[in-house]
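Chemist: need the 3D shape of this:
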Amino acid sequence: MDKELQAKWVAALRSGQYRQAKGTLKTEDGLMCCLGVLCAIQGVNWRERFPLENDLKTSCLPDSLSAGLDNDDMALLADKNDDGVSFEGIATYIEKTL
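Modeler: Numbers count the residues shown, from 1 in each chain. A predicted model of the protein is given here:
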């Protein structure tokens, strides 16, 4: 994973700017999972990139947004998020592991 993007992602998760969602990349009211935050900091156009609500429920991002994470890493991060690990906890995991 690109270290500059990793640092930006970790900072975003810790910023308090994003509210955590479970089971989806992004809700209609703007809550996001940790992978949704990764998409957001990369400037994703949500309507263009994920036109169908079902597309927002994936635990694996398309290669263009994955930041070099493999499907196992993305699935593990999605599971941590959905199991209630805070963004702070996920940020620490990203720093130490990825």
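
Chemist: quick one: least confident helix or strand in this protein?
Modeler: Lowest by mean pLDDT, DSSP states H and E among the helices and strands of the chain is helix 46-49, with a mean of 86.

Chemist: after that one, which helix or strand is next?
Modeler: Once the chain leaves helix 46-49, the next helix or strand it forms, by DSSP states H and E, is helix 71-82.

Chemist: in that next one, what's buried?
Modeler: Neighbour-count burial for helix 71-82, counted by 16 or more other C-beta atoms under 10 Å, picks out 73-74, 76-78, 80-82. No exception for glycine: its C-beta is placed from N, CA and C like everyone else's.

Chemist: which elements pack onto the least confident helix or strand of the chain?
Modeler: Packing partners of helix 46-49 (3 or more C-beta pairs under 8 Å, 6 or more residues apart in numbering; DSSP states H and E): none among the helices and strands.

Chemist: contacts for stretch 72-91 next, please.
Modeler: For stretch 72-91, the surrounding residues in contact (C-beta atoms under 8 Å, 6 or more residues apart in numbering) are 9-10, 13-14, 18, 20, 22-23, 33-35, 37, 59-61, 66, 69, 93-94, 98.

Chemist: and whichever strand or helix holds L35, what does it pack onto?
Modeler: Using DSSP H and E, L35 maps to helix 34-41. Applying 3+ C-beta pairs under 8 Å, 6+ apart, one finds that helix 34-41 makes contact with helix 3-14, helix 71-82, helix 87-97.
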